[in-house]
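Novice: Fold the stuff below for me.
(chains A and B)
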Amino acid sequence: MDGMDEIVQEFVVESHENLDQLDRDLVALEQSPGSRDLLSSIFRTIHTIKGTSGFLAFGRLESVAHVGENLLSRLRDGVQQMTPETTDVLLAMVDVIRDLLETIERTGAEGEVPVDAVVARVTAVIEDTSAPAGAPAPAEPEPTLVEVPAAPAKKPARKRAPRAAAKKTAAAEAAAAEVTAVVAEPAPAVEVPAEIPAAVAALEPEPGEAPVRRSATESSIRVDVDLLDSLMRLVGELVLTRNQVVRSAATQSDVALIRATQRLNLITTELQESVMKTRMQPIDNLWSKLPRVVRDLSAQLGKQVVLEMHGKETELDRTLLEAVKDPLTHLVRNAVDHGVETPDVRTAAGKAATGVLGLKAYHEGGHVVVEVTDDGAGIDPDKVGDVALKRGLVTKDQLDRMRRDEILDLLFRAGFSTAAQVTNVSGRGVGMDVVRTNIEKIGGTVDVESTVGEGTTWRLTIPLTLAIVQALTVECAGERYAIPQVAVHELVSVDTSGPGVEYVAGAPVYRLRGRLLPLVRMDEALGVAGGKHDGPVFLAVVQADGRRFGMVVDRVLNTEEIVVKPLSSRLKGAGVYAGATILGDGRVALILDVQAVARRTQLGAEAVAAVEAESLDKEASGATDTVRLLVASVGDRRVAVPLDSVTRLEDFPLTAVEHVGHREVVQYRGEIMPLVRLGRLLGSYDETQGESLPVVVYSERGRSVALAVDRIIDIIDGNVDARSDLDDAGLIGSAVIQKKVTEMLDVRQAILAADPRFFEAADARVGAEV
Amino acid sequence: MAVRQYATFEVDGQYFGVDVARVQEVFRHHDRTPVPLAPPTVAGLINLRGEVIPAIDVRIRMGLPRRTDGDPMNVVVRDGDEVVSLLVDTIGDVAEADDAAVEPPPTTITGPARDLILGAIPQEGRLLLLLDVSRAVDVNAGDGSREDALA
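Specialist: You can find the predicted model right below:
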């Protein structure tokens, strides 16, 4: 019984592969209806399925394959012509076969998949044409064109031929009887140039793919993926052991040992490459499904689209191939749906009625690039901007200062869909954001370029393999971590105590080439203590989830290739690691999932983005009212107070500060003046302890309060309109003043903190005095 | 009656046993890489001949006080497809016991440890507590029950 199951399993796997080929062949056949090569290939596949299903007693499958075979043999023999209708029927037949195979795979039996309808359709197509066409009537034999001698083909193919012939249907048998090949007179209506029985067609040594593929199957074997995975793991271990051996051998003087080590080194590298190759599959495995997708979709939408593929042989790790499948299909569907215009629109625009959808794959710098290009209408950044505004993804200000590519990048934001009409093809809410998430999950990137009226190119950059990645090793709080190189844009060395690092609402930012870069301290992101807080540190500028931020690490150690080890499922909960690796010294290091870190720290980044939008906007407009501002430092922050709310600047010795209840006060001009330390109010507690206390005195109608700062910095012309969503206690927003982020003090609130009854008391007194 | 062998070890003065069939190996101190943001039961990751495996601190898993002196021992166990190291205080001998000798866990065991004990076997004046490996290595549940215990 087990043996039987295995046969069924083999059959299902093999048939699935053949069906993909079939889909592609059928679509290609529609383009070149006369290709006997394609017809023979399709015929053989269906014939094999029919034969095996009969042997395995899958009656339904056999009946479908049987009528399909009948139709195909008529097409192949030129009895019947290829029409779009025939293609439809054949594709429908393939779909039913696929359904049947899936049911068999799942349950081991055929189940209740309905087959009668499709059998009837195929039969109808056959009968439709069989009456007028009549029996195959080969024209006068042309002895000069006999092709049989031209077939001293490969032995395996010859062996198969008689068997195939023996099982042939009645119609084919009649033709097969004439072993001499005959060529029909080139009749204008009949596009089939030759009438060669299948047995001979199979042997044709033309550059057609069919015979080549056969021999390829014979030179390969099926291997369980688990076995390959375990090979890959073992090689990973071997690489590490090799590293250790090489390191210790370097200190030895034994020549034989050193020579052996060198050989070990080379062989290991070669072995690693070879094993990696076993997991590689051509991207064609994925693409082969797309012609069918494009055909069906364009037919459904009333569009004309041809699919051009370049670089099908480009290879990718099979796990990656699987991961890219859905995003790529989505992009292709999207290109047909939104990219390519309808024929009349295209003609009106002076383009060919038929749109071209291009798929291109190639290697570039250790990555595989896959491009999906259409020559359609292109994406209008203005429209994208409008939609983003409407959806509330950006503010008007933000939009105005965005570069073109940044606007197009909005397409990848969650909740974005430009389709004016939601079709059942795309625009169902799952959009480009899912594409981006899925591609970033495997360490890849996706971007888009578009020219209005000319077309759009979506570009996926995918790592060659998941098992080995280029990574930056860094140190944080005494531990080493790996950051996948693809996420790292640049490294910047920064002195935390020096200029450069500023704070917006308590969140650190760095001004990199004029733009604010939100900083994420790696030790804080990971919740570990002991990170470096002074002196030079490094910023790894990373981009993930559409955001750019600087990851603050203590030290950058190296860039190296690391072998990714999956993390135990028990640790998935931590959520910020993409895996673990073993470093050269044998210690385990965690691989950071930059995307997840970005998500964890999303809020900070958004706040900074908002502030940046504000500040740049202010810098740009410059026309708004400027006022004089007093700038003071409080802890590590800069705070600005409108100068017109400042009465005097005073400097009190620390000893002058006295306490009334739990409040601090100073004596000032014979009055008791409440004092509030802005540092405490704003929540930065590291006050500088000087001998004296600089204060800003604010007076209104005879009452005064003192706002203590660390140091008065300057009085400048600035702008108090800076308002942002930063809802930090005591502040009304931030602005960039003298290229530094400066926070605007909410004076009223500061005063109330010092003297809760300041305003009402003042008001009351005014009333009393009048 | 089936006689089983148990690998034994001590944690905080208590005597535990695990079916030897589930124990892959036992070794002394090993470098561990801490895993920030992971549940506290996870003591770190270990490179076991090229395989990265998590180490679970049995003390923390059972809600016992942290180890203050000496390095823990690693008892590497298999749970399904996964290999996990249990950090314990000291390693004991292999004990043999008849299945019939297994008694229900003593009612005196409280806290998170209670769910981790399959049964007890009286042995030379001591009680050998049989550890439920699958539960012991379930770090996420461990975290939860710890919170329950504190609440």
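Novice: Need the per-residue pLDDT for residue 4.
Specialist: I went with chain A, as the question did not name one. At A:Met4 the predicted local distance difference test score is 58.
Novice: my bad, the chain I had in mind was chain B
Specialist: Note on B:Arg4: pLDDT of 90.
Novice: now swap in A:Gly366 and tell me
Specialist: Looking at A:Gly366, its pLDDT reads 63.
Novice: Check A:His363 too.
Specialist: Checking the pLDDT column for A:His363, the value is 80.
Novice: can you tell me which residues contact the residue nearest to it when sequence neighbours are not counted?
Specialist: Spatial nearest neighbour of A:His363, excluding adjacent residues (C-beta to C-beta, 6 or more residues apart in numbering or on different chains): A:Thr314 at 6.7 Å. Glycine gets a C-beta too; all of them are placed from N, C-alpha and C. The contact partners of A:Thr314, by C-beta atoms under 8 Å, 6 or more residues apart in numbering or on different chains, come to A:Pro282, A:Ile283, A:Ala361, A:Tyr362, A:His363, A:Val368.
Novice: Report pLDDT for A:Thr314.
Specialist: pLDDT, A:Thr314: 86.
Novice: how much space between it and chain B?
Specialist: Distance of A:Thr314 to chain B, computed by C-beta to the nearest C-beta, to the nearest Å: 31 Å.
Novice: what do you get for A:Ser35?
Specialist: As defined by C-beta to the nearest C-beta, A:Ser35 lies at a distance of 49 Å from chain B.
Novice: roughly how far apart are that residue and B:Phe16?
Specialist: 73 Å (C-beta to C-beta, to the nearest Å).
Novice: neighbour count winner among the two?
Specialist: Just comparing A:Ser35 and B:Phe16: by other C-beta atoms under 10 Å in any protein chain shown the higher neighbour count belongs to B:Phe16, 26 against 19.
Novice: show me where pLDDT drops low in chain B?
Specialist: Residues of chain B that meet the criterion pLDDT under 70 lie in B:1, B:141-151.
Novice: how far is the helix or strand that A:Leu649 is a member of from where the chain is centred?
Specialist: Element membership for A:Leu649 (DSSP states H and E) is strand A:648-653. Taking C-alpha atoms, centre = their mean, to the nearest Å, one finds the center of strand A:648-653 at 59 Å from the center of the full chain.
Novice: For that strand, list the C-alpha coordinates in PDB.
Specialist: Taking Å, rounded to 0.1, in the frame of the first residue of the first chain, the C-alpha atoms of strand A:648-653 are listed here in PDB:
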ATOM      1  CA  ARG A 648      14.300  90.900  33.400                       C
ATOM      2  CA  LEU A 649      17.200  88.500  33.500                       C
ATOM      3  CA  GLU A 650      18.600  88.000  36.900                       C
ATOM      4  CA  ASP A 651      21.300  85.800  38.500                       C
ATOM      5  CA  PHE A 652      20.600  84.600  42.000                       C
ATOM      6  CA  PRO A 653      23.200  82.900  44.200                       C
END
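Novice: who does the helix or strand following it touch, helix- and strand-wise?
Specialist: Downstream of strand A:648-653, the next assigned helix or strand under DSSP H and E is strand A:658-660. In terms of contacts (3 or more C-beta pairs under 8 Å, 6 or more residues apart in numbering or on different chains; DSSP states H and E), strand A:658-660 is packed against strand A:663-668.
Novice: tell me which strands and helices the strand it packs on is in contact with?
Specialist: Under the contact rule (3+ C-beta pairs under 8 Å, 6+ apart), strand A:663-668 is packed against strand A:658-660, strand A:671-677, strand A:703-708.
Novice: Let's see that with 7 Å instead.
Specialist: Contacting strand A:663-668 under the criterion 3 or more C-beta pairs under 7 Å, 6 or more residues apart in numbering or on different chains; DSSP states H and E are the following elements: strand A:671-677.
Novice: Enumerate every residue touching the nearest residue to A:Arg98 once chain neighbours are set aside.
Specialist: Computed as C-beta to C-beta, 6+ apart, the closest residue to A:Arg98 that is not its neighbour in sequence is A:Leu19, at 5.6 Å. Contacts for A:Leu19 (C-beta atoms under 7 Å, 6 or more residues apart in numbering or on different chains) come out as A:Val94, A:Ile97, A:Arg98.
Novice: Could you confirm A:Leu19 falls within a strand?
Specialist: No: according to DSSP: H, G, I helix; E, B strand; the rest coil, A:Leu19 belongs to no strand; its state is helix.
Novice: A:Gln262 versus that one, what's the distance?
Specialist: In this structure, A:Leu19 and A:Gln262 are 50 Å apart, going by C-beta to C-beta.
Novice: thinking again about what came up before, from the contacts of A:Leu19, which land in helices?
Specialist: For those, the ones inside helices are A:Val94, A:Ile97, A:Arg98, with DSSP state H as the criterion.
Novice: okay, now the first one: neighbour count?
Specialist: In this case it means A:Val94. Counted with other C-beta under 10 Å, the burial measure for A:Val94 works out to 25 neighbours.
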